[in-house]
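# What would the 3D arrangement of this be:
(2 chains)
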Amino acid sequence: MNARYLARQSAQAIFTILMIVLLNFLLFRMMPGSPDRVNPRNPNVTVEQRDAARARWGLDKPLIPDQLVAFVGSTLQGDLGYSIKFQGQPVTEVIGDRFGPTILLIGLAELIAIILGLALGAYTGWRRGGRADRIGNGLSLILYSMPYFVIGMPLIIIFAAGLGWFPTSGMLTAGASYAGPVEFLTDLVSHLALPLATISLGLIGGYSILMRSSITETRAEDYIATARAKGLTDGRILRSHAFPNALLPAVTLIAINLGYVVGGAITAEIVFNWPGLGTLTVDALDSRDYPVLQGIFLLLGVSVVLANFVADIVYGYLDPRVRQ
Amino acid sequence: MRPSAVHRAIRLGSALALATALLVPASALPARAANPLVLRVGTTQDLDALNPYQTLLVSGYEAFQLTYNLLVDFGPNLEPVPGFADSWTRAADGKSWTFHIRTGMKWSDGQPATSADACFSWGLAVAAIKDGANIGAGYLDPSLKDAGVTAVSCPDDQTMIATTTDPSDRVLQVYLPIIPKHVWGKETYKTIGDAKFVAPLVGSGPYTAAEWKTSQFVRFVRNPDYWGTQGAADEVVIQFFKGADTMVQALKAGEIDYARDATPEQLKALESQPNVKTVVGSSNGWSQLAFNEYGASKGTLTPGIGPSTKALWDPAFRDALGYAVDKKTLVDRVLGGYGEVGTTIVPPVLGAWHVEPDHPRTFDVEMAKQKLDAAGYKLDGQGQRLDKEGKPISLRLDYPNTKDTYAKAAQFVKDWYGQLGIKVTAQQYDSATLGNIVLPPEAGKDFKANYDIELWGWSGNPDPNALLQIFRCDAIGSSSDSQYCNPAFDKMYDSQNAAATADARKTILAQMQNLIYDQAVYDILYYDANLAAYRTDHFAGWQNQPLANGTPLFTYGTLQYTLLTDATAVPSPTPVITTAPGASPTPVASAAPSATGGTTAPAGGTGDNTILYVVILVAVLVVAGGILMVVMRRRRATPGDEE
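All right, here's what the predicted structure looks like:
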């Protein structure tokens, strides 16, 4: 890995993040609507009170340069400001509370989907045209095209409300206290099961389809024919020769998807009332909570950029041609 | 060198452990009663603040009312009942009230609750009113202003005297929580609105806020020192749902006991559900068409400010439009049949104060056309209705995006007005934007009241004043969305507010309701319904407020929480032994104590799933093990293949 390649990638990443900071600021303020917490329809609020409230959130100053300068300055110092909706709680705290649940849910779901999706894709691609391929690929396409709420709602209706096997929603029983870690984990796992299944199912399709086409291409390569000529078993060729080589395009998809993990899965989180960053995004959008929105999108932007950065580096390592 | 599969497995394991650790509360969990009986309440409205002066939402009112008492509470039919004060007397001239504060009452932290707390809480509002200011969001103190309270004094621990400007009994409707002086005593009316009310809170209500996880739930624990009836629930948890669908599923599954604000379709589906009862409560409010009369009192129409046509100033024009709206259809098609046809500005839920109009308008498009013709609004050759300046009338109808019923109603209105030759352009806004569109220049130089009709809604207090004052002249620039100004109405408002007897007040209120109806300031489309559902297998004793047409929770005061009983604790006064003679009679004996205790474990639900969890865990382990094996086999089998 040469230093110039690394430096170029780093500079690109930093530049992108700076652009994201600027865009974050402008984008949300271009949306129609206002974060006015002081209801204009409150019969008792005077013009002065409304103005005072706006001044308090710095909304009375001109957007550019005053608000922008203040925003960029504090963001660079790691100060993301205070939530308008949640009565002045620091944005870092508001986001911090939701970070763990999202990482747990989406992170695990990605992990499961990557393992199962790649395995399914590799197998169906290897058996292209066969029954396994028709069923597997068909299934992948169906899952790929299904939004999370279409997968999630039936799961709730059948397994939660119907059979009563799992709780319908939430991450933990609201307000519960636990005698010990075992009770806590049991509660967590039972709440996690359905949303995890939903998101994993939703993600498997994408990985499987990509892997299938990649394996199909690899199958025609000369070294596969060589391996076959060496008398290796079919399964052995798939595992040791085709699969590692076909993995390359999947690395990009995995990296990009992992970057989006912190974004949460909005529709899945809404359906399962999961207290993650996805539901926070919706809440913040509804109330035009600019500081929280900026915080979430900054986090999301940075993690996507970082994930891509890592992907570039890994790619450069896996495929020397990219380094040029 | 590459890491071995074992290393990978360790890494994976530690990543999972780390993820779990992220979620485990760092601090020790507070000790609680083993197996508390929990009342779980679901709502789709998030809680915005525990500070009573800061909240704008019904869920915030519910939270502070559970924690704090009002001086005078609201009874089953919204009548005044003892609260922080257990009795009161009125001076002979009617202008001063003496409240007796309960003897021996305690705050939930054990401190004595006395008149000093009441004087402090009311005193904050009195000071704000004197300065012409509001506390916090400005929703609470106006009730004290309406009551005409000018001073409060507390000569001893058990007495509070309130002096008022008029002999009305509005003082018994004051919506101000009594907060503990020993906690908040340093705050003034200017600072209390920003004070951080962080759970656990000290209160005197039946349940005090103990824990708030924003956007997830707020948990209340029983106040053992509460002076009133102790409810069966040891804890109350209000859970916030992102969608009504999930909430309804949680109710069906028995995870929550109460669901607030179901949709009409969901309510219909729930009606056949076992152990679930649905309630259609009458909302203390309405949805309306507000006609913009801006400029009518001056008689000049400035382009770009106010309505697009002077026709909207004309009561005859607005009256005619009223005949073109089929409210029955709106209730059936927009509200799914849940709701009532709208008429006057005091909703029927306020029983005694509501009157139906003396001259009701009925749905009759032909009549509407005739009335428009008669009032001088003729059709032109293309079938367009012209205003008196000869310009085709084309109205802009703005509505908020907060409920889909507004959008549906707007489409109906557009169609009906269209039949009269009046073009309607319906447009949706978020509520903050719409609020600003409706404001006139009186509210500030940036505001233009540039709309013709606003389709929106209001909801009020147990006292009709809240809904009446939006038609006052001085509401223009704040809450008025019709820009209506009629000094005669203002005069009636003042005299009804100061009326000494309820009968006198009722007569004036009837005149006011008819005046607004006849002048067609608003076309009140319907009185919305509050749709709720609750389970009967966990708690019993659900009671609506008001009894006839209310809902059990999210009403006024928190009386209904204390009336709930444990439905699983079956009282068995005459034990019937059905077992064979000689069998042990202990089951009956052991069941008896639970009838009075409140600690019976919740029935059914998610308690018996241990086997399932084990199965899931085993399944996860099998999958993980399988993957591990494949990886390891590959490692072992292919060393020679590596480059």
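
# which neighbours does the helix or strand B:Tyr399 falls within have in its sheet, and in what orientation?
Counting by DSSP states H and E, the element that carries B:Tyr399 is strand B:394-400. Partners of strand B:394-400 in the sheet, by DSSP bridges, are strand B:423-429 (parallel), strand B:453-459 (parallel).

# which helices and strands does whichever strand or helix holds A:Arg8 pack with?
Per DSSP H and E, A:Arg8 falls inside helix A:3-30. Judged by 3 or more Cβ pairs under 8 Å, 6 or more residues apart in numbering or on different chains; DSSP states H and E, the packing partners of helix A:3-30 are helix A:68-76, helix A:290-318. All C-beta spots, glycine's among them, are computed from the backbone N, C-alpha and C.

# Mind naming the longest helix for chain A?
helix A:181-219 (DSSP state H).

# Which secondary structure elements does the next helix or strand after it sit against?
Next in sequence after helix A:181-219, counting helices and strands by DSSP H and E, comes helix A:222-229. Applying 3+ Cβ pairs under 8 Å, 6+ apart, we find helix A:222-229 packed against helix A:234-237.

# So for the helix it packs on, mean pLDDT?
Averaging pLDDT along helix A:234-237 gives 84.

# ok so, going back, give me the buried positions along the helix holding A:Arg8.
Using 16 or more other Cβ atoms under 10 Å in any protein chain shown as the test for burial, helix A:3-30 gives A:9, A:13, A:16, A:20-21, A:24-25, A:28-29.

# Now do that helix against helix A:68-76, angle only.
Relative orientation of helix A:3-30 versus helix A:68-76 (axes from the mean of the first three to the mean of the last three Cα atoms, to 10 degrees): 130 degrees.

# any idea how far helix A:3-30 is from the chain center?
Centroid displacement of helix A:3-30 relative to its chain, using Cα atoms, centre = their mean, to the nearest Å, is 19 Å.

# quick check: mean pLDDT across that helix?
Helix A:3-30 shows a mean pLDDT of 84.

# now swap in stretch A:114-122 and tell me
Mean pLDDT, stretch A:114-122: 90.

# That one near chain B anywhere?
Yes. Contact of stretch A:114-122 with chain B (Cβ under 8 Å from any Cβ of the partner chain) involves A:Ile115.

# wait, what's in contact with B:Gly203?
B:66-69, B:107-108, B:180, B:209, B:223 (Cβ atoms under 8 Å, 6 or more residues apart in numbering or on different chains).

# With B:Ala409 instead?
Applying Cβ under 8 Å, 6+ apart to B:Ala409 gives the contacts B:287, B:330, B:334, B:399, B:455, B:525.

# How much space separates B:Val349 from chain A?
Per Cβ to the nearest Cβ, to the nearest Å, B:Val349 is found 19 Å from chain A.

# same check, this time on B:Met105
Applying Cβ to the nearest Cβ to B:Met105 and chain A gives a distance of 27 Å.

# Leaving aside the residues adjacent along the chain, what's closest to that residue?
Of all residues not flanking B:Met105 in the chain, B:Ala113 sits nearest, at 4.3 Å (Cβ to Cβ, 6 or more residues apart in numbering or on different chains).

# Check the gap between the one you found and chain A for me.
The spacing between B:Ala113 and chain A, counted by Cβ to the nearest Cβ, is 26 Å.

# burial measure for that residue, as a count.
26 (other Cβ atoms under 10 Å in any protein chain shown).

# next one: the one 10 residues further on
Taking other Cβ under 10 Å as the neighbour definition, B:Gly123 ends up with a count of 19.

# mind listing what the residue nearest to B:Met105 touches?
B:Ala113 sits next to B:84, B:101-102, B:105-107, B:178, B:180, B:204 when contact means Cβ under 8 Å, 6+ apart.

# quick one: least confident helix or strand in chain A?
Across the helices and strands of chain A, mean confidence by mean pLDDT, DSSP states H and E is lowest for helix A:47-56: a mean of 69.

# Mind checking if the longest helix of chain A is in reach of chain B?
Yes. Judged by Cβ under 8 Å from any Cβ, helix A:181-219 comes into contact with chain B through A:181, A:184-186, A:188-190, A:193.

# For A:Asp51, which non-adjacent residue is closest in space?
Counting by Cβ to Cβ, 6+ apart, the nearest residue to A:Asp51 once its immediate chain neighbours are dropped is A:Asp60, at 6.8 Å.

# what residue ranges in the chain are flagged as low confidence?
Using chain A. Chain A contains residues with pLDDT under 70 at A:1, A:32-50, A:56-57, A:87, A:320, A:322-324.

# that's the wrong chain, I meant chain B
Chain B contains residues with pLDDT under 70 at B:1-34, B:570-643.

# Need the nearest residue in space to B:Thr402, chain neighbours excluded.
Leaving aside its chain neighbours, B:Thr402 sits nearest to B:Ser431 (5.5 Å; criterion: Cβ to Cβ, 6+ apart).

# on that earlier part again, now a PyMOL select for only the buried ones of the residues of helix A:181-219 next to chain B.
Buried residues within the residues of helix A:181-219 next to chain B, by 16+ other Cβ under 10 Å, are selected in PyMOL with:
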select buried, chain A and resi 184+185+186+188+189+190+193
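
# Three-state assignment for B:Ala199, please.
What DSSP: H, G, I helix; E, B strand; the rest coil gives for B:Ala199 is coil.

# And for it, the neighbour number?
Using other Cβ under 10 Å, B:Ala199 has 17 other residues around it.

# Isn't it up against B:Thr214?
No. Look at B:Ala199 against B:Thr214 with Cβ atoms under 8 Å: they stay out of range, at 11.0 Å.

# B:Leu547: what secondary structure?
Applying three-state DSSP: B:Leu547 is coil.

# need the contact list for A:Gly205.
A:117, A:139-145.

# if you set the cut-off to 10 Å instead, what comes out?
Going by Cβ atoms under 10 Å, 6 or more residues apart in numbering or on different chains, A:Gly205 touches A:113, A:117, A:120-121, A:137, A:139-146.

# Quick check: closest non-adjacent residue to it.
Using Cβ to Cβ, 6+ apart and skipping the chain neighbours, the partner closest in space to A:Gly205 is A:Tyr144 (2.9 Å).

# Now do that neighbour against B:Leu124, distance only.
Distance of A:Tyr144 to B:Leu124, computed by Cβ to Cβ, to the nearest Å: 59 Å.

# ditto for B:Val346
30 Å.

# Check A:Leu258 too.
53 Å.

# These two: which is more packed in?
Using other Cβ under 10 Å, the more surrounded residue of A:Leu258 and B:Leu124 is B:Leu124, with 25 against 21.

# Give the closest residue to that one in space, chain neighbours not counted.
B:Tyr189 (4.4 Å).
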